[in-house]
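**Student:** this one's structure only:
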């Protein structure tokens with residue numbers, strides 16, 4: 001009986017080792033090749049009421065933010081860490097003389 005248990009444990013170890021090594025290899029590859037996380041860079045933030053007052057700064061417009069908080073409570077505010085993309089900034093301001 002003891003021999004059967006020892007054989008069963010040995011068999012389980014042999015079968016599990018490749019699976020464990022594969023899982024570790026996949027996890028390591030995901031960590032190494034993963035892209036770094038970036039903060040959301042949008043101009044408007046929603047400050048939600050309840051649930052600890054979560055904040056979501058993922059809104060392109062004030063109207064989009066308001067539509068999200070309507071009905072669930074909260075308010076919208078400007079994202080003070082927003083950095084416009086350099087390619088979206090006008091290269092120069094054009095001024096027109098009306099005279």
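**Tutor:** It's in. Since the model is a prediction, treat every value here as computed from it, not as a measurement. Numbers count the residues shown, from 1 in each chain.
**Student:** And the pLDDT at the residue found closest to residue 82 once you drop the neighbours it is linked to in the chain?
**Tutor:** Once flanking residues are discounted, residue 82 sits nearest to residue 43: 4.7 Å by Cβ to Cβ, 6 or more residues apart in numbering. The way it works is simple: take the backbone N, C-alpha and C, and place the C-beta from them, glycine included. Note for residue 43: predicted pLDDT of 94.
**Student:** What backbone torsions are found at residue 43?
**Tutor:** Here is the backbone geometry of residue 43 (degrees, to the nearest 10): phi -80, psi -20.
**Student:** That one reaches residue 78, doesn't it?
**Tutor:** Yes. Between residue 43 and residue 78 there is a contact under Cβ atoms under 8 Å: 6.5 Å.
**Student:** out of the two, which sits in the busier spot?
**Tutor:** residue 43 (15 against 12; other Cβ atoms under 10 Å).
**Student:** before we move on, the earlier item: residues in contact with the residue nearest to residue 82?
**Tutor:** Residues counted as contacts of residue 43 (Cβ atoms under 8 Å, 6 or more residues apart in numbering) are 59-61, 78-79, 82, 84.
**Student:** Ranking by neighbours, what's the top pick from those residues?
**Tutor:** Among the contacts of residue 43, residue 59 has the most neighbours (other Cβ under 10 Å), with 21 neighbours.
**Student:** just for this structure, where's the confidence low?
**Tutor:** For the chain, the stretches with pLDDT under 70 are 6, 8, 11, 13, 15-40, 50-51, 88-99.
**Student:** residue ranges for the helices of it, please.
**Tutor:** 2-33, 62-69 (DSSP state H).
**Student:** re earlier: ok, so of the contacts of residue 43, who is nearest residue 69?
**Tutor:** Set against residue 69, the nearest of those by Cβ to Cβ is residue 59 (9.7 Å).
**Student:** Test my guess that that closest one contacts residue 74.
**Tutor:** No. Assessed by Cβ under 8 Å, residue 59 is found out of contact with residue 74, at 11.7 Å.
**Student:** Alright, that wraps it up for me.
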